[in-house]
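K.L.:
Build me a model from this:
(chains A and B)
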Amino acid sequence: EDKVVQSPLSLVVHEGDTVTLNCSYEVTNFRSLLWYKQEKKAPTFLFMLTSSGIEKKSGRLSSILDKKELFSILNITATQTGDSAIYLCAVADYGQNFVFGPGTRLSVLP
Amino acid sequence: NAGVTQTPKFQVLKTGQSMTLQCAQDMNHEYMSWYRQDPGMGLRLIHYSVGAGITDQGEVPNGYNVSRSTTEDFPLRLLSAAPSQTSVYFCASSFGGNNQPQHFGDGTRLSIL
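P.N.:
So this is what the prediction gives:
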């Protein structure tokens, strides 16, 4: 059975800290891995990763995929209170399916 | 830009009632999908469609039906609501299948009494 695991499930940090969120997967016919941020309502897209070792970066956020070890990390540097959200990892397979992890709830305190 | 529109935003049903959750997108996306989100479990795929007239089951399809008569609309039907279907439901769409980022609607919070 396809599975996506995220850790930690919950994290509390102070503004300015750097955080690393983890996502590991066991998915048959892996196609791509996606990261989303969910605040109050709809998840919003952050990154899509298809190749190992190539870092994707957007401002203070970055992510990388390791297809050999079957995991990805999402880094957030110099965290701000606006980064407080649930961060979701999802894996797409070649069967048009998506499998989501349970999410990491990040709370950034002022 | 409307994006993905879900209606209603909230609904309370009694056990055994049926209802349809509406989802419409105006981006001409081929791929549309329905998820439910329960605490601690992330998003679970219910049904998806790769184009008009084509639907398929996801991870948790039991108790739900879908149809895709147009590119824009992808309604989700609950046939006979059960308390276990209490959840937040999200509709999403993308262009070109599941290898593109999905755009999500704002969700429908459904409670079954």
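
K.L.:
what ranges do the helices span in chain B?
P.N.:
In chain B, no helices are found when defined by DSSP state H.

K.L.:
and it, which residues reach chain A?
P.N.:
Where chain B comes near chain A, counting by C-beta under 8 Å from any C-beta of the partner chain, the residues are B:4, B:31, B:33, B:35, B:40-45, B:48, B:50, B:56, B:58-59, B:90, B:97-107. Where C-beta positions appear, they are placed from N, C-alpha and C, glycine not excepted.

K.L.:
Residue 92: neighbour count?
P.N.:
Here I'm looking at chain A. Other residues lying near A:A92 total 25 when counted by other C-beta atoms under 10 Å in any protein chain shown.

K.L.:
ah, I was thinking of chain B
P.N.:
27.

K.L.:
Just give the nearest non-adjacent residue to it, would you?
P.N.:
B:Q102 (4.0 Å; C-beta to C-beta, 6 or more residues apart in numbering or on different chains).

K.L.:
Would you mind stating the distance between the one you found and A:N97?
P.N.:
12 Å (C-beta to C-beta, to the nearest Å).

K.L.:
Between the two, point out the one with more neighbours.
P.N.:
B:Q102 (25 against 21).

K.L.:
Identify the residues contacting that one.
P.N.:
A:L34, A:F45, A:F98, B:Y31, B:S33, B:A92, B:S93, B:S94 (C-beta atoms under 8 Å, 6 or more residues apart in numbering or on different chains).

K.L.:
in chain A, which helix or strand is least confident?
P.N.:
strand A:98-100 (a mean of 91; mean pLDDT, DSSP states H and E).

K.L.:
quick one: strands adjacent to it?
P.N.:
In the sheet, strand A:98-100 lines up against strand A:85-93 (antiparallel) (DSSP bridges).

K.L.:
How far away from the center of its chain is the strand it pairs with?
P.N.:
Put simply, strand A:85-93 sits 6 Å off its chain's centre (C-alpha atoms, centre = their mean, to the nearest Å).

K.L.:
buried stuff in it?
P.N.:
Buried residues in strand A:85-93, counted by 16 or more other C-beta atoms under 10 Å in any protein chain shown: A:A85, A:I86, A:Y87, A:L88, A:C89, A:A90, A:V91, A:A92, A:D93.

K.L.:
Now pLDDT too, for those, in CSV please.
P.N.:
Shown next, in CSV, are these (pLDDT from 0 to 100):
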residue, pLDDT
A:A85, 97
A:I86, 96
A:Y87, 97
A:L88, 96
A:C89, 96
A:A90, 95
A:V91, 94
A:A92, 92
A:D93, 89
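
K.L.:
could I get these as a markdown table with distance to B:P8?
P.N.:
Listed next are the buried residues of strand A:85-93 as a markdown table, based on distance: C-beta to C-beta, whole Å:
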| residue | distance to B:P8 |
| --- | --- |
| A:A85 | 25 |
| A:I86 | 23 |
| A:Y87 | 28 |
| A:L88 | 24 |
| A:C89 | 29 |
| A:A90 | 26 |
| A:V91 | 31 |
| A:A92 | 29 |
| A:D93 | 32 |
